[in-house]
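Colleague: generate coordinates for the sequence data below:
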Amino acid sequence: ISMWKFTSDERGAQRWIWDKEASHEYIEAVEAGREQWKREGQKHATDLPLRFAARKVEETAKATNAAEACKKGIRYFQALQCDDGHFAGDYGGPMFLLPGLVIACEVAKIPLGPHHTHEMLRYIRFHQNEDGGWGTHIEGPSTLFGSCLNYTAARLLGLEKDEEQAINARDFIHAHGGAVRIPSWGKFWLAVLNVYEWDGVNPLLPETWLLPRSIPIQPSNMWCHSRVVYLPMSYIYGKKHKAELSHITQSLREELYVTPYQSIDWVQQRGNIAPIDLYTRHSKFFDLGNKMLCLYERFHPKWLREKALREVLDHIKHEDVTTNWICIGPVNKVINMLCCYFEDPNSEHFKKHLPRIKDYLWFAEDGMKMQGYNGSQLWDTAFAGQALIESQMIEECKNTLLKLHSFVEHTQVPEDVDEKVKYYRHCSKGGWPFSTQDHGWPITDCTAEGLKVSIKLRHFPWISTPIDAGRLFDAVNVLLSMQNSDGGWGTYEPQRGPAWLELLNPSEVFGAIMVDYSYVECTSACVQALSLFHKDFPAHRTNEVGHAVHRGRQCIMRKQRSDGSWYGSWGVCFTYGTWFGVEGLATGNEASEHEAIQRACQFLVSKQKEDGSWGETYESCTTKRYVQATEGHVVNTAWAVLALMAGGYEKEPIRRGIEWLIANQESNGDWRQQTISGVFNANCTISYSNYRNIFPLWALGRFAAHFSSDSV
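Modeller: Numbering: from 1, shown residues only. Alright, predicted model coming up:
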């Protein structure tokens, strides 16, 4: 029975709590919605439990023009705003996150409780594919990475091995060679659980953290997400920590493998990866380096290992403290927690990890999942604010924008972390994070979107205390400091290591994880933000801002593909990247930029469907070529028409796209949840449930503001 209540505090922390007093109306609505969702066969949940309150929004007749549709959409979307001003939503999708948490809790003897256990198992059951396996993400084909981890987690959560779902899962796993062929992250998790041997795991040496920063392979030169994941992995690997054998893990040793566990040659399994899992193959450079590391591991000095482990644990604890035990993401969150458990299960430091687990959990029709972050609070809210402002329907959403402004203001990071140089952190003061201030890792595009909406809100007289100009200057400082040598922007930090480090990518399942590359989305967001800032504060660091913007636009043009598109690295996919590319270049007025915009618009128009819509599948991300979806997608369509309007393209294809958005709006102002819209590292999708509202609203509002309402 679905008796869960969503709560958020004044700092944006999102929690789902078991609610014994949930109304019959709520329970029946969620259960009915779940059954309908199952019948429709969608992989992506609709966020019905969160959106239950918005069900009371009045249903009205179909809008006849963009302005009516926008007002209708605003009326619905406002009902979703949390008391602190942010917009909450499902940020799940990856299928390897929840199993990591379940395994960590099993190892560290952390009770999940019967209600969480039930809903987590429901989630895993729902997302099992017809072939018996699980994908790396909810829309993906079955892989051993997804299948072995989710089968293991399901068994720990209470799935009986004789159930049909368990039998089907084992059939899939065995048909592809058993768990010996799981990718490296899976090997790590199974080794921690003591259902795989550490001899079968490629070396994860903590000693690398003792190397000088001038050596490229020193972890400080890696992309921060990879750096902080392999950090705690190296601690556990360095000590070869593993759980005590139990009845269930002893059984898993038999269930996961094709041959008897004791007969497996574990050393030979280090590079044994199933073909269905391989996205990034090991390079010859990696294989050679790995042989050297294996040799070192056999003969390493114990004193040096102990020194390295102390260094690594110090970095782990700094990451915990500076993120209020949230950590940068869900993978290092649970591995950091495990490291602290192995160090001292009775320590206060370990205990502070426990309440923060719930920051990552999300409940929807498909059950309880672990999100890809502690939420997308600031990101969604900054986009929502810009969409509402551009609609020019300010009276309809004034109170919404007041609360939104308060959240954005309180989410800006106020200070740098302590000893940032020692712990390889970039400046933070003035940046905005993806989620909450407690999380605290600022990102280029989040800082840019936070800066943009803050500047736009300053223009309204009813914002009585706009964000102080000095704090905006701090945000600009963050952006200027993060620009890469190629003129573009990466995510969290300027690129530190050389691109050839990608030859050492050990993950097998992800692409482009080793350094912080420049991305069209991040670059465009920063160019837009700095351009907008310069209009309001022309005297502040004039030459530096102007030079950064110029270099950013040049980078955007260099990244444009020959067909006029841009590849989207953080959204699906060419419609997303091309929207950002056009918006970034639209801030300039050079002839070369105009020509690039026109080619981009022509690319988009060439992909428009007969019904006026656009639709891509996530396979565009993995194959790096445009893959048409069978039906139009409201988010892709919104991105495309936003780009066409920003590029000043002819009206007819824009009108057709707007007509399609109006026709597909539901009677209460919502839009149907369709396939997943987010992606990371080329091969894994992630949910942005609010996109289905934010971007159609933005497109309709822009159209209504720039064209007469009856032109549709």
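Colleague: quick one: contacts of the worst-scoring helix or strand of the chain on mean pLDDT?
Modeller: Across the helices and strands of the chain, mean pLDDT, DSSP states H and E gives its lowest value to helix 24-40, namely a mean of 86. Residues outside helix 24-40 that contact it (CB atoms under 8 Å, 6 or more residues apart in numbering) are 1-3, 45-46, 48-49, 52, 55, 126, 365-366. Every residue, glycine included, has its C-beta placed from N, CA and C.
Colleague: over to stretch 542-552?
Modeller: For stretch 542-552, using CB under 8 Å, 6+ apart, the contacting residues are 476, 479-480, 483, 487-489, 523-524, 526-527, 530-531, 533-534, 584, 587-588.
Colleague: if we use 7 Å, what do you get?
Modeller: For stretch 542-552, contacts defined as CB atoms under 7 Å, 6 or more residues apart in numbering pick out 476, 480, 483, 487-488, 523, 526-527, 530-531, 533-534, 584.
Colleague: about what we covered before: who does the following helix or strand past the least confident helix or strand of the chain touch, helix- and strand-wise?
Modeller: The element immediately downstream of helix 24-40 (helix or strand, assigned by DSSP states H and E) is helix 48-51. Applying 3 or more CB pairs under 7 Å, 6 or more residues apart in numbering; DSSP states H and E, we find helix 48-51 packed against helix 24-40, strand 361-364.
Colleague: can you tell me the centre-most residue of this structure?
Modeller: Nearest residue to the geometric centre of the chain (CA atoms, centre = their mean): G372, 5.0 Å.
Colleague: look at that one and give its secondary structure.
Modeller: The three-state assignment at G372 reads coil, by DSSP: H, G, I helix; E, B strand; the rest coil.
Colleague: got a list of what the closest residue to it other than its chain neighbours touches?
Modeller: The spatial neighbour of G372 that comes closest, neighbours along the chain excluded (CB to CB, 6 or more residues apart in numbering), is I686 at 4.8 Å. For I686, the contacting residues are 91, 93-94, 372, 678-680, by CB under 7 Å, 6+ apart.
Colleague: which strand residues bridge I686?
Modeller: G678 (DSSP bridges).
Colleague: and it, what's its pLDDT?
Modeller: We have a pLDDT of 96 for I686.
Colleague: and for the one 3 residues further on?
Modeller: Per-residue confidence (pLDDT) for S689: 96.
Colleague: count of neighbours near it?
Modeller: S689: 27 surrounding residues under other CB atoms under 10 Å.
Colleague: mind telling me what element the spatially closest residue to E207 that is not a sequence neighbour is part of?
Modeller: Spatially, and ignoring its direct neighbours in sequence, E207 is nearest to A308 (4.4 Å; CB to CB, 6+ apart). Using DSSP H and E, A308 falls within helix 302-322.
Colleague: who's in contact with that helix?
Modeller: 206-207, 209-210, 228, 231-232, 234-235, 238-239, 327, 336, 339, 343, 349, 417, 423, 440.
Colleague: quick one: buried ones out of the residues you listed?
Modeller: 206-207, 209, 228, 231-232, 234-235, 238-239, 327, 336, 339, 343, 349, 417, 440 (16 or more other CB atoms under 10 Å).
Colleague: mind checking the end-to-end distance for stretch 174-190?
Modeller: The first and last residues of stretch 174-190 sit 16 Å apart, counting by CA to CA, to the nearest Å.
Colleague: let me fix that: stretch 610-630
Modeller: 12 Å.
Colleague: contacts made by that stretch with the rest, please.
Modeller: In contact with stretch 610-630 (CB under 7 Å, 6+ apart) are residues 139, 567, 572-575, 607-609, 631-633, 636-637, 640, 656-657, 659-660, 675-676, 679, 682-683, 685.
Colleague: so which of those belong to helices?
Modeller: Those of the contacts of stretch 610-630 mapping onto helices are 574-575, 636-637, 640, 656-657, 659-660, per DSSP state H.
Colleague: with pLDDT and neighbour count as extra columns, can I get those in JSON lines?
Modeller: Formatted as JSON lines, these follow (pLDDT from 0 to 100; neighbours: other CB atoms under 10 Å):
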{"residue": "F574", "pLDDT": "98", "neighbour count": "31"}
{"residue": "T575", "pLDDT": "98", "neighbour count": "30"}
{"residue": "N636", "pLDDT": "98", "neighbour count": "32"}
{"residue": "T637", "pLDDT": "98", "neighbour count": "27"}
{"residue": "A640", "pLDDT": "98", "neighbour count": "31"}
{"residue": "R656", "pLDDT": "97", "neighbour count": "19"}
{"residue": "G657", "pLDDT": "98", "neighbour count": "30"}
{"residue": "E659", "pLDDT": "97", "neighbour count": "17"}
{"residue": "W660", "pLDDT": "98", "neighbour count": "20"}
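Colleague: now those as a markdown table including distance to A79?
Modeller: Formatted as a markdown table, the ones in helices among the contacts of stretch 610-630 follow (distance: CB to CB, whole Å):
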| residue | distance to A79 |
| --- | --- |
| F574 | 33 |
| T575 | 28 |
| N636 | 25 |
| T637 | 23 |
| A640 | 27 |
| R656 | 30 |
| G657 | 26 |
| E659 | 26 |
| W660 | 24 |
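Colleague: leaving out the residues flanking it, which one is nearest to F533?
Modeller: The nearest residue in space to F533 (CB to CB, 6+ apart) is V476, at 5.8 Å.
Colleague: please name every helix or strand in contact with the helix or strand harbouring the one you found.
Modeller: Element membership for V476, per DSSP H and E: helix 469-481. Contacts defined by 3+ CB pairs under 7 Å, 6+ apart place helix 469-481 against helix 444-458, helix 520-536, helix 542-559.
Colleague: give me the phi and psi for P466.
Modeller: Phi and psi for P466, reported as degrees, to the nearest 10, are phi -60, psi 160.
Colleague: what about it, how many residues nearby?
Modeller: With other CB under 10 Å as criterion, P466 counts 17.
Colleague: check the one 3 residues further on too.
Modeller: Here the count is done by other CB under 10 Å, and A469 has 12 residues near it.
Colleague: contacting residues for it?
Modeller: Taking CB under 7 Å, 6+ apart, one finds F537 in contact with A469.
Colleague: now the helices and strands packed on helix 48-51 in a markdown table, with distance to P461?
Modeller: Shown next, in a markdown table, are the helices and strands packed on helix 48-51 (distance: least, CB to CB, whole Å):
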| stretch | distance to P461 |
| --- | --- |
| helix 24-40 | 40 |
| strand 361-364 | 38 |
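Colleague: which of these is buried the deepest?
Modeller: The highest average neighbour count among the helices and strands packed on helix 48-51, using mean count of other CB atoms under 10 Å, belongs to strand 361-364 at a mean of 27.
Colleague: just the C-alphas of that one, formatted as PDB.
Modeller: Extracted in PDB, the C-alpha atoms of strand 361-364 (Å, rounded to 0.1, in the frame of the first residue of the first chain):
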ATOM      1  CA  LEU A 361      15.600   8.100  -2.000                       C
ATOM      2  CA  TRP A 362      12.600   8.900  -4.200                       C
ATOM      3  CA  PHE A 363       9.200   7.300  -4.200                       C
ATOM      4  CA  ALA A 364       7.000   7.000  -7.300                       C
END
